[in-house]
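[1] let me see the structure of the following:
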Amino acid sequence: MLFMDFAKTCERLEDTAGRLDMIGIISQELTGLSEEELPVFVRFVMGRIFPDWNSRKLGIGPNILYDAVRSVAGVRKTAVVDRLNKTGDIGRTVEELLLVKTQTSLSYTELDLLDVYYKLVSISSREGEASQREKMRTAMQLLGDARPLEGRYLARIMLEELRIGVGEGSVREAIAKAFNVDSALVEHAMQALNDMGEVARLAKIGPDALKDVRITPFHPVRMMLAQQGAIADMIEEHGQIAAEFKYDGSRFQFHKKGNWARLYSRRLEDVTAALPDVISQLLSATEQDVILDGEVIAIKDGKPMPFQSVLRRFRRRHDVAEAQEAIEMVPNVFDILYLDGETLIDLPFSVRRKRLEGAVTRYIAPQIVSGEQAEIEKTYDAALAAGHEGIMIKVPSSPYTPGQRGKNWIKIKPEVDTLDLAVIGAEWGEGKRAHVFGSFLVACQDQGRLVPISRVATGFSDEQLAEVFEMLKESVIKTEGKEVTFEPSLVFEVGYAELQASQNYKGGFTLRFPRFIRIRDDKDLADIETIEGIRARYQRQANSAQAYQK
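    Numbers count the residues shown, from 1 in each chain. Sure, this is the predicted structure:
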C-alpha cells in the first residue's frame, strides 16, 4: 500500500461524521491489504505505531518536528510556529508548508506504508546523545519525500495523535465486517492480545485463529476498570457481592514465567527496574507461572502514604536502592489472569479468586463476600480507619474484561466525585504565577476525539503548577494571546460538585466547581473518561436528585 493511499483514506475518514460510514470505509480498505500491511494500517489509522502492550515510544516531540519541517520547507522556525498558531493543527501546518515546497521543487520519492513504518520503528530504537540528531534526520527524510497530504498525516502519526475520530470500537466493527467474523470474537481477541493490528491479521486468517488467542506472559493486557456506584444498588441487583479495600496506590500487573518476572504499570510501562523490592516480594509469594493484577501502596509507620509517594517510586530511574530504604512498598494482589499456561479472564471472579488463593501465598488483598449491607458497610468503615480510600465492590460471577469500565466493579469512597480528563489547553497565570500556566482546559474522549468539558483553575499549589509547566512546556502547539493549546499527553484527576448541562462545551456538559486533585501520569489518554460515561453520571445524578425531592 502506498502511503498516499493511506493518507487519502484518512482524509475521507476525517471528513466523515457518521460512525457506520467510517466503519464501511475502513473495512473496505482492510480487505485489500497484505498480511504484513494489515497490522500497520490498523495501528496507524488509530494513531499508533506500536501495539498497545508495547510501551515503546517514538520520542519525537513537537520541537523536533518543527525543526524538521523548517529544514524541509526552507523556512524559519518562527514561520512554522506562526502557521501553527493559525491552524492549531501540526498536520495542517506541515501540509501547507510542504505545499510551498512542491511549488519550488518537483522531486519526491513515492512513500510506501511499510517503509514509513520501518523508518519510524528505527527512530524509536535510537538512544544516547546522538539519538535526537538521528531522529531529526529520519523525520526530515520522511517529510522531504512526502507530498503535502501525506505530510498532514505523517506529522500526526509522528506525534501519535491522528485526530480523525476513529475509535477502537469502529476499528473492531470494521475488522468484523471486512473478514466476516463475529465482532465479539474480535473484542475477545483484543482483550487477550492488546494489539488490534495483530487481531486484524488473525481475523483475515479466520474465526478459528481468533478463538485460539491466549494471554501471553510479558505481553501486558489492559487493566479492568471500575465505575462509581452504591452498596445498596449492588446488593439489590446481585445479592452476594465481594468487597475489598480500595487502595490509594498504583495498579500493577505482575508477569512471571519460570525464574523471569516483570512488573508493568497501569499504562503498561515496564517498571521492573524501579521496583525491585516489589518484584522480590511477589517472587517469594508464588512458584507458578502467573499474571497477577494488584495495587502497590507505600507504607510508613504502619499507615499507607499518599498516592504521590507511590508514583515517585514508579517514576524513579536512579538511586533506586536509596528509595527502597526511604519508602516501604507493599503489593496487594486481587486478581489472577493467567496460571501455568491457562487464560483465566473468562472465568467468574469467584473462581479466579480461588485460583489466586491456591497459587499465591502472600500479599493477597483481604476480601469478604456478603449480601448484608451492614457487613459491607463495616468493611467500608474498616478501610477508611486503616487509611485507605474506601472499598471496591465486585460481582462474583463476572469475568475479567481488560480495559473496560462496567458495572461489575464498583468503587465506594467518601471523597468528592472525580473524573480523569486529558489536558488539552491552558491560560498563562497572573501576578507571581505569570511564568507558569494558571488554568487548564480539560477534555473527555468521544469515539477517538477529545471533547472539551471544563476549565480547572483551583486546587494547585505553586509547586504543582511549576511541575505541570515543566511537563507541558514542550507540548505547546499553538499560542494565541494568553491561551495555549497542547499536543495531548497529560491526565488530571479533577474533582467537581456536580455535572451541569452546558451549551458552552461541545460535549454538552461541564463541571460545577472543578478542582485539581492530582496528576495521573500513571494513566494515558486511553484511560480518561468517555462522554458516554459522563452522560451516565449525569443521569444518575438526576435520578438521585429526583429521589431526594420525593
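[2] where does this protein dip in pLDDT?
    Residues of the chain meeting the criterion pLDDT under 70: 101-108, 128-130, 315-326, 415-416, 544-550.
[3] try 50
    Applying pLDDT under 50 to the chain flags residues 106, 318, 323, 547-550.
[4] stretch 516-532: how far from the chain's middle?
    Remark: stretch 516-532 is offset 8 Å from the chain centroid, using CA atoms, centre = their mean, to the nearest Å.
[5] buried residues in that stretch, which are they?
    The neighbour-count check on stretch 516-532 (16 or more other CB atoms under 10 Å) flags 516-525, 527-531 as buried. C-beta coordinates here come from the backbone N, C-alpha and C atoms, glycine included.
[6] ok, now how distant is the closest residue to Ala466 other than its chain neighbours from Gly425?
    Nearest residue to Ala466, sequence neighbours excluded (CB to CB, 6 or more residues apart in numbering): Val436, at 6.0 Å. Noted for Val436: a distance of 15 Å to Gly425, by CB to CB, to the nearest Å.
[7] more neighbours, the two?
    Comparing Val436 with Gly425 by other CB atoms under 10 Å, the one with more neighbours is Gly425, at 23 against 20.
[8] wait, that one touches Lys482, no?
    No - taking CB atoms under 8 Å as the definition, Gly425 is not a contact partner of Lys482, at 10.9 Å.
[9] count of neighbours near Gln308?
    Neighbour count for Gln308, taken as other CB under 10 Å: 12.
[10] please list all residues in contact with it.
    Taking CB atoms under 8 Å, 6 or more residues apart in numbering, we find Gln308 in contact with Arg518.
[11] now do 10 Å
    Asp248, Ala298, Gln464, Arg518, Ile519 (CB atoms under 10 Å, 6 or more residues apart in numbering).
[12] where's the last one relative to Ser502, distance?
    Going back to what we said before, that points to Ile519. For Ile519 relative to Ser502 (CB to CB), the value is 25 Å.
[13] how about the strands in the stretch 151-300 of the chain?
    225-228, 241-246, 250-257, 260-265, 290-300 (DSSP state E, counting those that start in this stretch).
[14] residues making contact with the first one?
    In this case it means strand 225-228. By CB under 10 Å, 6+ apart, strand 225-228 touches 246, 251, 266, 392-394, 401-413, 417-418, 420, 527, 529, 533, 536-537, 540.
[15] run the chain-centre distance for that strand.
    On CA atoms, centre = their mean, the centre of strand 225-228 falls 15 Å from the chain's centre.
[16] buried sites along it?
    Those would be Leu225, Ala226, Gln227, for strand 225-228 by 16+ other CB under 10 Å.
[17] same question, the second one
    Within strand 241-246, the residues scored as buried using 16+ other CB under 10 Å are Ile241, Ala242, Ala243, Glu244, Phe245, Lys246.
[18] and what of the fourth one?
    Residues Ala261, Arg262, Leu263, Tyr264, Ser265 are the ones in strand 260-265 that count as buried (16+ other CB under 10 Å).
[19] out of the residues you listed, who's nearest Ser131?
    Within the buried residues of strand 260-265, the smallest distance to Ser131 is 23.4 Å, found for Ser265 (CB to CB).
[20] grab the nearest non-local neighbour of the closest one.
    The nearest residue in space to Ser265 (CB to CB, 6+ apart) is Val271, at 5.0 Å.
[21] which one of the buried residues of strand 241-246 sits closest to Tyr380?
    Using CB to CB, those come closest to Tyr380 at Ala243, 7.4 Å.
[22] what pairs with that closest one across the strands?
    As for beta bridges, Ala243 partners with Ile368, Ile393 under DSSP bridges.
[23] one more: the one 10 residues further on?
    Under DSSP bridges, the beta-bridge partners of Gln253 are Tyr264, Asp293.
[24] are we agreed that Glu467 is in a helix?
    Yes - membership of Glu467 in a helix is supported by DSSP: H, G, I helix; E, B strand; the rest coil.
[25] picking up where we left off before, pretty sure the residue nearest to Ser265 contacts Leu263?
    Yes - if you go by CB atoms under 10 Å, Val271 and Leu263 touch, sitting 5.4 Å apart.
[26] which residues do the two both contact?
    Common contacts of Val271 and Leu263 (CB under 10 Å, 6+ apart): Phe252, Gln253, Val278, Ile279, Val296, Phe314.
[27] would you format the residues you listed as JSON lines with distance to Asn54 included?
    As requested, the shared contacts of Val271 and Leu263 are exported to JSON lines (distance: CB to CB, whole Å):
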{"residue": "Phe252", "distance to Asn54": "17"}
{"residue": "Gln253", "distance to Asn54": "14"}
{"residue": "Val278", "distance to Asn54": "22"}
{"residue": "Ile279", "distance to Asn54": "20"}
{"residue": "Val296", "distance to Asn54": "22"}
{"residue": "Phe314", "distance to Asn54": "18"}
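[28] tell me the one among the buried residues of strand 241-246 nearest to Arg152.
    Lys246 (44.2 Å).
[29] and the helices in the stretch 401-550 of the chain, which stretches?
    Taking DSSP state H, counting those that start in this stretch as the test, the helices found in the stretch 401-550 of the chain are 462-472, 531-549.
[30] equivalent analysis for the stretch 51-200 of the chain, please.
    Per DSSP H, counting those that start in this stretch, the stretch 51-200 of the chain carries helices over the ranges 62-73, 77-87, 90-104, 113-124, 131-145, 148-158, 168-179, 183-193, 196-205.
[31] for the ones you listed, which one sits closest to Thr9?
    Here helix 148-158 is closest among these (CB to CB), at 9.3 Å.
[32] between helix 113-124 and the closest one, find me the angle.
    Angle of helix 148-158 versus helix 113-124, following axes from the mean of the first three to the mean of the last three CA atoms, to 10 degrees, is 40 degrees.
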